[in-house]
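1. When you get a sec, could you give me coordinates for this:
(one chain, ligands or ions: 1)
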Amino acid sequence: MIDISELHAGLFIGGTWRDAEQTFTTMNPATAEPLAQLSSADVDDVEDAVAAAAAAFHGAWGATPPSAKGVLLHRLADLVERDCEQLAALESLDMGRPVGQGIAMMIPNFAASLRYYAGWADKINGELVSTDGYFGGPPMHAYIRREPLGVVAAIVPWNAPLMILGWKLAPALACGNTVIVKPAEDASLSILRLAELIDEAGFPPGTVNILPGTGKVAGEALSLHPGVKKISFTGSTEVGRAILRNSAVNFKRTALELGGKAPQIVFDDADVAAAVQGCAMGLFTNQGEVCAAGTRILVHRSVVNDVMDGLRDAALAQVLGDPFDPATTMGPLVNARQRDHVASYLDDFATRGGRFVAGGGVPELPGFFVEPTVVAGTNDMRIAREELFGPVGVIIPFDSDDEAVAMANDNEYGLSATVWTSDVSRAHLISSRIDAGAIGVNGWSPLSPQLPWGGVKASGIGRELGYEGILSYTEPKTVAVVL
Ligand code: NAD
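-> Below is the predicted model:
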């Protein structure tokens, strides 16, 4: 077990640690006991962080050659891989995920994002453009420069702190920006440890600044600050709206990765066993606290009983308990509020006479656990429309492709979807008709640093990862020389 008393618990600004005037206490969700006391950044701290980040942007980081930026990102990835188990353990302590999942999935994804964008750092080329000349007269030598934005802020949620931070931090740094990170109140520890690794890797002071604190104070101050040129936010739809409003102060660029209520569509020609396995993964990984969780399981009526039986067995096979016990497959939800939020939907569903296939309760365990739950329902039920952010899936039958597509799209969110079919034509046709930023075919949520990620409708605006990530952290500038 890791000794968190040895971790820095303050603010990391301009390459040095300092304490804030206020602190806040975090909880261990598996035991419901206090875990750590951390500094809580205030408006003055945000001011200092923006000044430090701006100094690094115009100073040492701005002067670091592109290939040297790439070397530093690779070095950070080396350190993340070296400390993979420790970083995964810190996240498990904070937010309850079984530690093996962090070691196998979330921390490697973070390192992969760092390496992918390390490769981009010296390949951010502009473009030479052919024109008709200056008002049809003399020719022009015209080109587009891709310039960094300046100081950017990354505001991240608690469900996958480092993985989601990586989607913002790595492209922002590769493009030459400097960064201020605001971790979520419930899960700052792995990001505080990251600050130590950034220091160890040798990034110039002020290139990355870490401000633990509340959304209401530190998060809002960042979104209102005129010195911050972009906010990249992952979190709830409601806070996303507030950030968008606040960003109007200086027309900040915003990337908003918000909620989801992803459909998983199982057609009658699907490999049902594989679909059940994928749907279970999409429901129970990370306790269902996943924006892309496949919580609406739309199933062709001819195979609905098979899928129901399979998902019931998968739910009953989950082992709830200590995130550090290798036998555990599902940990607690992040806090009591989140547990009560999910439980309120289960109570409401039960009160209305809903049919539970598995689970539905809150187990007698000390932490903030909810039973892995599968219900049979319809697409218009509250439990099928709203985001719960917990391990709860709704099985909904359909009779035709058109009906499946209509139901998949009949939701305010549009982050991702999964299509299960053995018919290649159907896979492409259905994928083209679904309103979502990302579609997986015969595999739930295929995340990769090379592939853009983000949503439509209430799931947000903008894309992270892939080449889109480079475009979103640079500003195009046109230069036209009249010859
Ligand atoms: P949240 O919106 O409450 O908090 C996210 C972050 O925003 C935290 O760091 C918080 O401190 C900060 N924040 C809160 N109020 C703020 C304000 N007024 N101004 C600026 N910052 C503020 O969300 P959460 O509960 O931490 O995370 C769960 C949500 O995140 C879910 O809705 C989930 O779907 C979404 N999510 C989306 C993705 C995606 O890629 N689309 C990924 C993970 C999570």
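2. What are the buried residues along the strand or helix carrying residue 80?
-> Element membership of residue 80 [criterion: DSSP states H and E] is helix 66-82. Neighbour-count burial for helix 66-82, counted by 16 or more other C-beta atoms under 10 Å, picks out 69, 70, 71, 72, 73, 74, 75, 76, 77, 79, 80, 81. C-beta here means a position set from N, CA and C on the backbone, and glycine is covered the same way.
3. what does stretch 104-121 give?
-> For stretch 104-121, by 16+ other C-beta under 10 Å, it's 105-118, 120-121.
4. Give me the contact status of it with the ligand.
-> No - between stretch 104-121 and the ligand, judged by C-beta under 6 Å from any ligand atom, nothing touches; the nearest distance is 11.3 Å.
5. hmm, who's touching that stretch?
-> With contacts defined as C-beta atoms under 8 Å, 6 or more residues apart in numbering, stretch 104-121 is touched by 66-67, 69-71, 73-74, 76-77, 80-81, 84, 87-88, 91, 97, 160, 162-163, 165-167, 169-171, 173-175, 285-286, 447-450, 465, 469-470.
6. so where is the stretch 201-350 of the chain shaky, pLDDT-wise?
-> Low-confidence regions of the stretch 201-350 of the chain, defined here as pLDDT under 70, do not occur.
7. and the two most separated of the buried residues of stretch 104-121?
-> 105 and 121 (25.3 Å; C-beta to C-beta).
8. three-state assignment of residue 469?
-> What DSSP: H, G, I helix; E, B strand; the rest coil gives for residue 469 is helix.
9. ok, and the closest non-adjacent residue to it?
-> For residue 469, ignoring the flanking residues on the chain, the nearest one in space by C-beta to C-beta, 6 or more residues apart in numbering is residue 171 at 3.6 Å.
10. contacting residues for the one you found?
-> 117, 120, 464, 465, 469, 470, 472, 473.
11. Phi first, then psi, for the second one.
-> For residue 120, the backbone dihedrals are phi -80, psi -20 (criterion: degrees, to the nearest 10).
12. still on that earlier bit, between the buried residues of stretch 104-121, which is closest to residue 59?
-> Closest approach to residue 59 among those (C-beta to C-beta): residue 121, at 17.9 Å.
13. Now the closest one: phi and psi?
-> When read as degrees, to the nearest 10, the backbone of residue 121 gives phi -50, psi -40.
14. What distance do you get for it to the ligand?
-> Residue 121 is 24 Å from the ligand, where distance means C-beta to the nearest ligand atom, to the nearest Å.
15. nearest residue to that residue other than its sequence neighbours?
-> Closest to residue 121 by C-beta to C-beta, 6+ apart is residue 70, at 3.6 Å.
16. other SSEs contacting whichever strand or helix holds residue 87?
-> Under the criterion of DSSP H and E, residue 87 resides in helix 84-95. Applying 3 or more C-beta pairs under 8 Å, 6 or more residues apart in numbering; DSSP states H and E, one finds that helix 84-95 makes contact with strand 22-28, helix 99-101, helix 107-120, helix 161-174, helix 189-201.
17. Can I get the ones you listed in a markdown table including distance to residue 38?
-> What follows is the helices and strands packed on helix 84-95, written out as a markdown table (distance: least, C-beta to C-beta, whole Å):
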| stretch | distance to residue 38 |
| --- | --- |
| strand 22-28 | 6 |
| helix 99-101 | 21 |
| helix 107-120 | 21 |
| helix 161-174 | 13 |
| helix 189-201 | 7 |
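18. Out of the ones you listed, indicate the one that is most buried.
-> Mean neighbour count (mean count of other C-beta atoms under 10 Å) peaks for helix 161-174 among the helices and strands packed on helix 84-95, with a mean of 28.
19. Using CSV, write out every CA atom in that helix.
-> Output of helix 161-174 as CSV, limited to C-alpha atoms (Å, rounded to 0.1, in the frame of the first residue of the first chain):
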residue,chain,number,x,y,z
PRO,A,161,-8.1,11.7,-13.9
LEU,A,162,-4.8,11.0,-15.6
MET,A,163,-6.2,9.4,-18.7
ILE,A,164,-8.5,12.3,-19.4
LEU,A,165,-5.8,14.8,-18.5
GLY,A,166,-3.5,13.2,-21.0
TRP,A,167,-6.0,13.9,-23.8
LYS,A,168,-5.6,17.6,-23.0
LEU,A,169,-2.0,18.0,-21.6
ALA,A,170,-0.2,16.0,-24.3
PRO,A,171,-1.4,17.9,-27.4
ALA,A,172,-1.4,21.2,-25.6
LEU,A,173,2.3,20.8,-24.7
ALA,A,174,3.3,19.3,-28.1
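20. Now for the closest residue in space to residue 471 that isn't next to it in sequence, how many residues are close by?
-> The shortest distance from residue 471 to any non-neighbouring residue, by C-beta to C-beta, 6+ apart, is to residue 146 (8.0 Å). For residue 146, the neighbour count with other C-beta atoms under 10 Å is 17.
21. my read: residue 146 touches residue 125, true?
-> Yes - contact between residue 146 and residue 125 holds when scored by C-beta atoms under 8 Å: they sit 7.3 Å apart.
22. For the spatially most central residue of the chain, give me its contacts.
-> By C-alpha atoms, centre = their mean, the mean C-alpha position of the chain lies nearest to residue 164, the distance being 4.0 Å. By C-beta under 8 Å, 6+ apart, the contact set of residue 164 is 156, 157, 234, 257.
23. swap in residue 90?
-> For residue 90, the contacting residues are 2, 4, 7, 189, 190, 193, by C-beta under 8 Å, 6+ apart.
24. Identify each buried residue in the helix holding residue 87, please.
-> Within helix 84-95, the residues that count as buried by 16+ other C-beta under 10 Å are 84, 87, 88, 89, 90, 91, 92, 93, 94, 95.
25. contacting residues around the second one?
-> Read it as residue 87. 80, 102, 107, 110, 162, 190, 193, 194.
26. now those residues as TSV including pLDDT?
-> Listed next are these as TSV, based on pLDDT from 0 to 100:
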residue	pLDDT
80	98
102	98
107	98
110	98
162	99
190	98
193	98
194	98
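27. What is the most widely separated pair among those residues?
-> Checked with C-beta to C-beta, these reach their widest spread between 102 and 194, with 13.6 Å between them.
28. roughly how far is the one helix or strand residue 347 maps to from the heart of the chain?
-> When elements are assigned from DSSP H and E, residue 347 belongs to helix 336-351. From the chain centre to the centre of helix 336-351 is a distance of 24 Å (C-alpha atoms, centre = their mean, to the nearest Å).
29. again, but for stretch 444-463
-> With C-alpha atoms, centre = their mean, you get 9 Å for stretch 444-463.
30. what are the phi and psi values for residue 259?
-> Per degrees, to the nearest 10, the backbone of residue 259 is at phi -80, psi -180.
31. separation between it and residue 240?
-> Here the distance between residue 259 and residue 240 works out to 8 Å (C-beta to C-beta, to the nearest Å).
32. ok, those two, which is more surrounded?
-> Each of residue 259 and residue 240 has its neighbours counted (other C-beta under 10 Å); residue 240 has more, 24 against 20.
33. what does the stretch 251-400 of the chain put close to the ligand?
-> 257, 258, 259, 260, 291, 387, 389.
34. Identify the residues contacting residue 100.
-> residue 326.
35. Mind pulling up the pLDDT for it?
-> With respect to pLDDT, residue 100 has a value of 98.
36. Need the phi and psi values for the closest residue to residue 224 other than its chain neighbours.
-> Setting aside the residues directly before and after it, residue 224 is nearest to residue 246 in space (C-beta to C-beta, 6+ apart), at 5.0 Å. The phi and psi values for residue 246, taken as degrees, to the nearest 10, are phi -70, psi -30.
37. Nice, that's everything, thank you.
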